[in-house]
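A.B. asks: make a model of this:
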Amino acid sequence: MPNAPPTALDQPDLAALEAMAAQLEASGRYRLLRRFEGCTLHAGADPATLKRGIFLDTETTGTDTRKDEIIELAMVPFDYDAEGRLCAVHEPFIALHQPSKPIPAEVTKITGITDAMVEGQTIDPAQVAAFIAPAVIVIAHNAAFDRPIVERLTEAFKLKGWACSMSQIDWRGEGAEGTKLSHLASRCGFFFDGHRAENDCLAGLEILARPLADGRTALAHLLQAARAPTWRITATNSAFEQKDKLKARGYRWNGDDVAGPKAWYTDVAESDREAELLFLTQEIYGYDPGLTPRRITAFERFSERA
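C.D. replies: Residues are numbered from 1 along each chain as shown. The predicted structure is shown next:
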């Protein structure tokens, strides 16, 4: 006879499992991860005072923001209060898209998305634009990658402020060993099925909902960083032999004429702007080169227009 379907009596006693988990953790010899089952929400906020955000993730045919294509887009709307607490998570937008070329085998291996799954599927730019219209901010866990990709889909993304949950929170200062979503989730005590866009969005929101060392949520820290302008300082015409010193200080090389002059550059906070210009004058040029920093806000940050 075929096996009978499991009954309620066959299901694990969750209370008993939690009691065992608590006992193991209390021993100090074990650290357990729980499966992600939903975001931790703050209750009691006045709905009229909440703001809408979007957590966005893409799965793509590769890592070149100018050539590779979206194969899956997920956007999860959420509401947050003035203290940066996650108050509600709403129904997501999830869509597949058939790229112009077959999906590389290595991408399918990572994401599980096959050519058969995306055949005939398209993402409607007008639907995407309408979906994000109520949001005041878009968050991604690698906004420097996701923003240029989706701005090619619809220019509506150019009208939104953006934040990056990977780079705009001081995870190292919080004791995190890495910035991948899976690492941060583990640090928060849960695991999830990654490498599908919706799962990554929901896990990202749960990480942002958790408090950091000062008691404020990671989302509160991220929103504060997103609101603050930064200054792009480009070390144009710096001597070649100074490249190692610039790189060691955190400067990055721009080799693309479309995104600005071919030169080393860095982004600094308002409070660090004058000190950085002084460093360049004294340590790199040996004279005041008359550099003009460029102000960057959440509306340009992470885009190819920055």
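A.B. asks: got a list of what Val150 touches?
C.D. replies: Leu56, Thr58, Ile70, Leu73, Val128, Phe157 (CB atoms under 8 Å, 6 or more residues apart in numbering). (Glycine included, C-beta is placed from N, CA and C.)
A.B. asks: repeat the analysis, applying 7 Å as the threshold.
C.D. replies: By CB atoms under 7 Å, 6 or more residues apart in numbering, Val150 lies in contact with Leu56, Thr58, Phe157.
A.B. asks: specify the beta-bridge partners of the first one.
C.D. replies: What that stands for is Leu56. Taking DSSP bridges as the rule, Leu56 bridges to Met75, Ala140.
A.B. asks: the bottom helix or strand of the chain by mean pLDDT?
C.D. replies: Here the helix or strand of the chain ranked lowest by mean pLDDT, DSSP states H and E is helix 14-26, holding a mean of 88.
A.B. asks: relative to Gly204, how far out is the residue nearest the centre of the chain?
C.D. replies: Closest residue to the average C-alpha location of the chain: His141 at 1.4 Å, with CA atoms, centre = their mean. Distance of His141 to Gly204, given as CB to CB, to the nearest Å: 5 Å.
A.B. asks: shared neighbours of these two, anything?
C.D. replies: Joint contacts of His141 and Gly204 (CB under 7 Å, 6+ apart) are Ser165, Leu181.
A.B. asks: residue contacts, Leu96?
C.D. replies: By CB under 7 Å, 6+ apart, the contact set of Leu96 is Ile71, Glu72, Met117, Val118, Gln121.
A.B. asks: sorry, wrong one. I was asking about Glu283.
C.D. replies: Per CB under 7 Å, 6+ apart, neighbours of Glu283: Lys245.
A.B. asks: now it, what's its secondary structure?
C.D. replies: helix (DSSP: H, G, I helix; E, B strand; the rest coil).
A.B. asks: where in the stretch 201-306 of the chain is pLDDT low?
C.D. replies: Where the stretch 201-306 of the chain drops to pLDDT under 70, the residues are 257-259.
A.B. asks: also the stretch 51-200 of the chain?
C.D. replies: For the stretch 51-200 of the chain (pLDDT under 70), the answer is none.
A.B. asks: can I get the contacts of Val150 in JSON lines with distance to Arg31 and neighbour count?
C.D. replies: Output for the contacts of Val150, formatted as JSON lines (distance: CB to CB, whole Å; neighbours: other CB atoms under 10 Å):
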{"residue": "Leu56", "distance to Arg31": "31", "neighbour count": "29"}
{"residue": "Thr58", "distance to Arg31": "32", "neighbour count": "23"}
{"residue": "Phe157", "distance to Arg31": "39", "neighbour count": "22"}
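A.B. asks: tell me the one of the residues you listed nearest Leu280?
C.D. replies: Using CB to CB, Phe157 comes nearest to Leu280 of the contacts of Val150, at 33.2 Å.
A.B. asks: list the contacts for that closest one?
C.D. replies: The contact partners of Phe157, taken as CB under 7 Å, 6+ apart, are Val138, Arg147, Val150, Glu151.
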